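Asks: Sequence first, predicted model second:
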Amino acid sequence: MDSEGAAASAEELIIAVEELVRHVRRSATAGGLSTAASSVLARLGREGPHRLTELARTEGVSQPNMTQLVTRLERAGLVRRAADASDGRGVVVRATDLGREVFRQRRAERAEALGQLVEELPAAEQQAVRVALPALARAIRNRQARP
């Protein structure tokens with residue numbers, strides 16, 4: 001494929017990914033969370049407790065903004081803060097039982113939305129999606145694991 005064809009293909013792929021992400025995000029309504037709050041709760045649900053500073057860094061927001069977001073999540077009973085056992089100056093944030101349940105509900109809603117989309121495709125395209133999406137996720141994990 002020439003570079004012009006590759007660029008058009010990459011452009012088409014990013015448009016498709018953006019549409020897919022928007023559709024799947026909109027499908028998750030449990031907890032009535034904002035996109036930022038949902039992202040933090042999902043990270044805590046998948047990866048476990050994080051230092052507040054690490055959450056801010058990985059979510060790409062300032063520490064004061066993360067502190068405000070965590071305060072809102074804490075008021076809703078979705079997360080809990082505690083002093084970092086290894087460094088008393090730091091704060092560790094963890095999802096509560098309610099937070100983990102909202103995370104599971106939101107993940108199930110998103111999975112259902114994606115499943116419905118995939119089911120609408122012809123069998124060959126369904127198989128292609130089931131192979132391509134995990135392959136892309138592996139590529140992301142491999143890239144993140146590099147020093």
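Replies: Yep, it's here. Numbers count the residues shown, from 1 in each chain.

Asks: What strand or helix carries Glu19?
Replies: Here Glu19 sits within helix 3-27, counting by DSSP states H and E.

Asks: Same question for Ala82.
Replies: strand 79-84.

Asks: and the closest residue to Gln105 other than its chain neighbours, how many residues sit next to it?
Replies: Nearest residue to Gln105 in three dimensions, chain neighbours excluded: Ala30, at 3.7 Å (CB to CB, 6 or more residues apart in numbering). Glycine gets a C-beta too; all of them are placed from N, C-alpha and C. Using other CB atoms under 10 Å, Ala30 has 16 neighbouring residues.

Asks: next one: Arg57
Replies: Counted with other CB under 10 Å, Arg57 comes out at 14.

Asks: From Val93, how far out is it?
Replies: 13 Å (CB to CB, to the nearest Å).

Asks: tell me, what's touching these two both at once?
Replies: Between them, Arg57 and Val93 share no contacting residue under CB atoms under 8 Å, 6 or more residues apart in numbering.

Asks: and the helix or strand of the chain with the lowest mean pLDDT, what does it pack onto?
Replies: When each helix and strand of the chain is scored by mean pLDDT, DSSP states H and E, helix 3-27 comes last, with a mean of 83. Applying 3 or more CB pairs under 8 Å, 6 or more residues apart in numbering; DSSP states H and E, we find helix 3-27 packed against helix 97-119.

Asks: Just the C-alpha atoms of the next helix or strand after the helix it packs on, please, in PDB.
Replies: On the C-terminal side of helix 97-119, the nearest following helix or strand under DSSP H and E is helix 123-145. Output of helix 123-145 as PDB, limited to C-alpha atoms (Å, rounded to 0.1, in the frame of the first residue of the first chain):
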ATOM      1  CA  ALA A 123     -20.000 -13.400  10.500                       C
ATOM      2  CA  ALA A 124     -16.600 -12.700   8.800                       C
ATOM      3  CA  GLU A 125     -16.500  -9.200  10.100                       C
ATOM      4  CA  GLN A 126     -17.500 -10.400  13.600                       C
ATOM      5  CA  GLN A 127     -14.500 -12.700  13.600                       C
ATOM      6  CA  ALA A 128     -12.200  -9.900  12.300                       C
ATOM      7  CA  VAL A 129     -13.300  -7.700  15.200                       C
ATOM      8  CA  ARG A 130     -12.800 -10.500  17.700                       C
ATOM      9  CA  VAL A 131      -9.300 -11.000  16.500                       C
ATOM     10  CA  ALA A 132      -8.300  -7.300  15.800                       C
ATOM     11  CA  LEU A 133      -9.500  -5.700  19.000                       C
ATOM     12  CA  PRO A 134      -7.600  -8.000  21.400                       C
ATOM     13  CA  ALA A 135      -4.500  -7.700  19.100                       C
ATOM     14  CA  LEU A 136      -4.600  -3.900  19.400                       C
ATOM     15  CA  ALA A 137      -4.900  -4.200  23.100                       C
ATOM     16  CA  ARG A 138      -1.900  -6.500  23.300                       C
ATOM     17  CA  ALA A 139       0.100  -4.000  21.200                       C
ATOM     18  CA  ILE A 140      -0.800  -1.300  23.600                       C
ATOM     19  CA  ARG A 141       0.200  -3.400  26.600                       C
ATOM     20  CA  ASN A 142       3.500  -4.400  24.900                       C
ATOM     21  CA  ARG A 143       4.300  -0.700  24.200                       C
ATOM     22  CA  GLN A 144       3.600   0.300  27.800                       C
ATOM     23  CA  ALA A 145       5.800  -2.500  29.100                       C
END
